[in-house]
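1. kindly generate the corresponding structure for this input.
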Amino acid sequence: IPLEELGRPRIDVVCNCSGVFRDLFINQMNLLDRAIKMAAEADEPVEQNYVRKHALEQAEEFNISLREASTRVFSNAAG
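-> From the prediction side, this is the model:
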């Protein structure tokens, strides 16, 4: 969704999914991860895209890639 259509800044989120959701809805988990990474990589001003702002800060702080810093989908380990 373009910022103009969204009409507000993009907010940063963390998705903490249960093991049942992880196991039954792996495709949806992948879509959530992809959407968050796309938001972090969007060419938008950081004051309008908090996902990008925070991912850039974390990438610099921890000396990691932007894609790695934009990880926001988590679950407990399988098994």
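
2. count the neighbours of Val13 for me.
-> By other Cβ atoms under 10 Å, 13 other residues sit near Val13. The C-beta positions use only the backbone N, C-alpha and C, and glycine is treated the same way.

3. what's near enough to touch the spatially closest residue to it that is not a sequence neighbour?
-> Leaving aside its sequence neighbours, Val13 sits nearest to Arg72 (Cβ to Cβ, 6 or more residues apart in numbering; 6.0 Å). Taking Cβ atoms under 8 Å, 6 or more residues apart in numbering, we find Arg72 in contact with Asp12, Val13, Val14, Cys15, Asp33, Ile36, Val51.

4. quickly note the distance from the spatially closest residue to Val14 that is not a sequence neighbour to Met38.
-> The shortest distance from Val14 to any non-neighbouring residue, by Cβ to Cβ, 6+ apart, is to Arg72 (5.3 Å). Note on Arg72: its distance to Met38, by Cβ to Cβ, to the nearest Å, is 12 Å.

5. please enumerate the strands of this protein.
-> With DSSP state E as the criterion, the chain has strands at 15-17, 73-75.

6. run through who's touching the helix or strand of the chain with the lowest mean pLDDT.
-> Scoring the helices and strands of the chain by mean pLDDT, DSSP states H and E places helix 19-24 at the bottom, with a mean of 90. Helix 19-24 has contacts (Cβ under 8 Å, 6+ apart) with Gln28, Met29, Ser75, Asn76, Ala78.

7. thought Asn16 was touching Ser75?
-> Yes - contact between Asn16 and Ser75 holds when scored by Cβ atoms under 8 Å: they sit 7.2 Å apart.

8. mind listing what Ile64 touches?
-> By Cβ under 8 Å, 6+ apart, the neighbours of Ile64 are Gln58.
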